[in-house]
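Engineer: curious how this folds, go ahead:
(chains A, B and C)
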Amino acid sequence: MSLWREVMLVAGKDLRIEARSKVTLQQIVPFGMIVLLLFAFALDPDRGILRRVAPGLFWVTVLLAALLAVSRSFGIEADNGARDGLRLSGLDGPALFLGKAAALAVELLALEVVLTLVVVLVYGIHLNTLVPLVLATIAATVGVAATGTLYGVLAAGLRVRETLVPVLLLPVVAPVLLGATRAWEAAIDGIPSDAWPWVGLLGVFALLFTAIGMLAFGPLLEEA
Amino acid sequence: MSAAPVLGMQFAGYVLTGWVLTGVVLGSYWLWIVLRTKRAERSRESE
Amino acid sequence: MTDPTATERDDMRLLKPVVSTVLGWASLVAAVVLALFGLWGAPPDEVQSDAQRLMYLHVPAAWIAYLAFGVTALGSALWLWPRTRSTVWDRVAGASAEIGVIFTALTLVLGSLWGRPVWGVWWAWDARLVTTAVLFFLYLGYLALRRIPSSPESRAKRCAIAALIAFVDVPIVHFSVNWWRTLHQQGTVFNQSLDAKIHGVMAFTLWLGVLAFTLVYVYLLDRRYRLLSLDEDREDREVALAIAERVAAERPAGKAVPDTVPSAPVGGSAS
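Structural biologist: All right, here's what the predicted structure looks like:
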């Protein structure tokens, strides 16, 4: 089977499980919305603070929700020897990695669409220049999905997986938070062309961690 | 910890805290390693 | 009296005992000389006055934090590479990481103590301090990963890959944080960077600091490595003993017990 078909197979499996269980839709998206609401409680909505910090709050919320999504991505293989099934399936590491990361990215993008709506409607920001914004978002999401899948498989067999992955993942994706927030700020409130260097950084991060993930997923899965 | 010179040094509080803290942290770490090592060596000997 | 080191394998020390002792004393001497120069011999700075004396600790500590991290990454890479795979590298990586986290914490605290008199605040979003803070958390995650019990092979592989991922991330963090903070430098009080103009005795003292800290690092690395070896060796023996007892208990009396028992723990399950 070609790499592409293997990737589609794995991604399709994960997405089909999501379509049937609707965990992202019914649990993770609400979680994201609640966090955005809590931020509004924590800050003063009347003094324009929310508008100014909206990009940052948005991306912090996405990262927190990604922790749940990663946990879920590997939780679905915890039972019934599903992980053994993956190992024995004959699909190789890179394909498994790309498939799982792609499914995770799709789920995160869906989440981001909903949260963007919330932020536009509730925090009151205006999405002015869309192109750098969308590209930054895609690059950031790929980066988070790749890194999340990487740490997800690293912690897959461990009982402490759920508390370990956040501690490992969040420092590593700090540059993504930085870049995505700055790109959004430039696109929304500042000079849109300022966003492009950050889009570049996000792209480099995404490529780098996708490459690392393709190399490391197989060996890590063996130990899980 | 103000800028008033103490022992002829300005900001002596910060400076001395920093130096003493460094010494204490590294010294305690060293001591911890030494004591644990001795314990581990003793338990090997007794086997 | 039996020599306790007689049963030791070769890989339980990094340096010969003599070298280690000499290094320990050299570190101490260097530290004392550094204190003499740092606290007294070097003149106070024109702008920062005596607060600058903390630089002689803060900068070398930061240097060692990064060095230790590099050693952890190197050890991890050497372990992962099949031709050089050996427990030695896994232990070096682990020992160096622990020392690194201590020096990183010191760097942050010393930076804070230095920043307070110079900037007036305990913390500033200076690019280097922020990167060091991220480095601290990267290390902590690695140490948390190391604590998880597993078969040695599993744990070493997981930790090695995690160390390399983190190592690759550091330049990206550094670059992005730097960029972020320099974009925001307009009109902030913290434009006055911590880098005083140093020359003469002050530069000498700084290098002395780097030397002293490097000696301390290597010495601590050797000793921590040895402790790690002793602890891991004891664990191996305890597991082997437990397996042997189990095997003996399950065999009915009169049947032979196998000569050899597995000396390494069996593959790790969910832990």
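
Engineer: which other helices and strands contact the one helix or strand A:Leu178 maps to?
Structural biologist: Here A:Leu178 is covered by helix A:174-188, with elements defined by DSSP states H and E. Applying 3 or more CB pairs under 8 Å, 6 or more residues apart in numbering or on different chains; DSSP states H and E, we find helix A:174-188 packed against helix A:49-75, helix A:130-154, helix A:195-223, helix C:152-183. In short, each C-beta sits where N, CA and C put it, glycine included.

Engineer: which elements pack onto the shortest one?
Structural biologist: Right, the one you point to is helix A:130-154. helix A:49-75, helix A:93-118, helix A:161-172, helix A:174-188, helix A:195-223, helix C:152-183.

Engineer: the longest one vs helix A:174-188, what angle?
Structural biologist: Right, the one you point to is helix C:152-183. 30 degrees (axes from the mean of the first three to the mean of the last three CA atoms, to 10 degrees).

Engineer: I'd like the mean pLDDT over the helix or strand that comes right after helix C:152-183, please.
Structural biologist: For helix C:152-183, the succeeding helix or strand toward the C-terminus, using DSSP H and E, is helix C:201-250. Averaging pLDDT along helix C:201-250 gives 93.

Engineer: touching chain B at all, helix C:201-250?
Structural biologist: Yes. Legend: contact between helix C:201-250 and chain B by CB under 8 Å from any CB of the partner chain is shown at C:216, C:220, C:223-224, C:226-227, C:230-231, C:233-234, C:237.

Engineer: elements contacting that helix?
Structural biologist: helix B:12-45, helix C:17-36, helix C:55-80, helix C:87-119.

Engineer: so how far is that helix off the chain centroid?
Structural biologist: Chain-centre distance of helix C:201-250: 11 Å, with CA atoms, centre = their mean, to the nearest Å.

Engineer: likewise for stretch A:80-91?
Structural biologist: Averaged C-alpha coordinates place stretch A:80-91 at 24 Å from its chain's average position (CA atoms, centre = their mean).

Engineer: how about stretch C:141-159?
Structural biologist: Per CA atoms, centre = their mean, the centroid offset for stretch C:141-159 relative to its chain is 16 Å.

Engineer: now the closest residue to chain B within the stretch 151-271 of chain C, nearest residue through space, not along the chain?
Structural biologist: Closest residue of the stretch 151-271 of chain C to chain B, CB to the nearest CB: C:Leu230 (3.8 Å). Excluding the flanking residues, the one nearest C:Leu230 by CB to CB, 6 or more residues apart in numbering or on different chains is B:Ala40, at 3.8 Å.

Engineer: got the contact list for B:Ser43?
Structural biologist: C:Arg234 (CB atoms under 8 Å, 6 or more residues apart in numbering or on different chains).

Engineer: please determine how far it is located from B:Thr37.
Structural biologist: 11 Å (CB to CB, to the nearest Å).

Engineer: gap between C:Arg9 and C:Leu220?
Structural biologist: Distance from C:Arg9 to C:Leu220, counting by CB to CB: 22 Å.

Engineer: and the two? Which one has more around it.
Structural biologist: C:Leu220 (25 against 9; other CB atoms under 10 Å in any protein chain shown).

Engineer: quick check: that one touching B:Ile33?
Structural biologist: Yes. Contact criterion CB atoms under 8 Å: C:Leu220 and B:Ile33 qualify, at 7.2 Å.

Engineer: how deep is residue 174 tucked in, by neighbour count?
Structural biologist: I'll assume chain A. Applying other CB under 10 Å, we find 21 residues neighbouring A:Ala174.

Engineer: the intended chain is chain C.
Structural biologist: A count of nearby residues for C:His174, using other CB under 10 Å, gives 19.

Engineer: what residues does the stretch 1-150 of chain C have near chain B?
Structural biologist: So the stretch 1-150 of chain C meets chain B at C:2, C:4-5, C:7, C:31, C:35, C:38-39, C:44, C:49-51, C:53-54, C:57-58, C:61, C:99, C:102, C:105-106, C:109-110, C:113-114, C:116-117 (CB under 8 Å from any CB).

Engineer: redo that, cut-off 6 Å
Structural biologist: Contacts of the stretch 1-150 of chain C with chain B, taken as CB under 6 Å from any CB of the partner chain, map to C:4, C:49-51, C:53-54, C:57, C:110, C:113, C:117.

Engineer: and which of the residues you listed is nearest to chain A?
Structural biologist: Nearest to chain A among those, counting by CB to the nearest CB, is C:Leu110 at 21.1 Å.

Engineer: interface residues of chain A facing chain C?
Structural biologist: A:154, A:157-159, A:167-168, A:171-172, A:174-175, A:178, A:201, A:216, A:223.

Engineer: if we go to 8 Å?
Structural biologist: So far as CB under 8 Å from any CB goes, chain A lies against chain C at A:150-151, A:154, A:157-160, A:164, A:167-168, A:170-172, A:174-175, A:178-179, A:182, A:197, A:201, A:204-205, A:208-209, A:212, A:216, A:219-220, A:223.

Engineer: before we move on, back to that, please identify the most buried of the helices and strands packed on helix A:174-188.
Structural biologist: Most buried of the helices and strands packed on helix A:174-188 by mean neighbour count (mean count of other CB atoms under 10 Å in any protein chain shown) is helix A:130-154; its value is a mean of 25.

Engineer: count of neighbours near A:Ser21?
Structural biologist: 13.

Engineer: now it. Its backbone dihedrals?
Structural biologist: phi -90, psi -30 (degrees, to the nearest 10).

Engineer: what does the pLDDT read for it?
Structural biologist: If you check A:Ser21, the pLDDT there is 92.

Engineer: do C:Lys255 as well
Structural biologist: Predicted confidence (pLDDT) for C:Lys255: 56.

Engineer: centroid-nearest residue for chain B?
Structural biologist: Against the mean C-alpha coordinate of chain B, by CA atoms, centre = their mean, the closest residue is B:Val24 at 1.5 Å.

Engineer: thinking again about what came up before, adding distance to C:Leu129, write the helices and strands packed on helix C:201-250 out as TSV.
Structural biologist: Output for the helices and strands packed on helix C:201-250, formatted as TSV (distance: least, CB to CB, whole Å):
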stretch	distance to C:Leu129
helix B:12-45	15
helix C:17-36	23
helix C:55-80	10
helix C:87-119	5
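
Engineer: got JSON lines for the ones you listed, with mean pLDDT too?
Structural biologist: Below are those laid out as JSON lines (pLDDT from 0 to 100):
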{"stretch": "helix B:12-45", "mean pLDDT": "93"}
{"stretch": "helix C:17-36", "mean pLDDT": "95"}
{"stretch": "helix C:55-80", "mean pLDDT": "96"}
{"stretch": "helix C:87-119", "mean pLDDT": "95"}
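
Engineer: A:Phe31: which of the ones you listed is closest?
Structural biologist: Across the helices and strands packed on helix C:201-250, A:Phe31 has its closest neighbour in helix C:87-119 (31.7 Å, CB to CB).

Engineer: and the helix or strand that comes right after that closest one with chain A, contact?
Structural biologist: Once the chain leaves helix C:87-119, the next helix or strand it forms, by DSSP H and E, is helix C:127-146. Yes. Helix C:127-146 is in contact with chain A by CB under 8 Å from any CB, via C:134, C:137-138, C:140-141, C:144-145.
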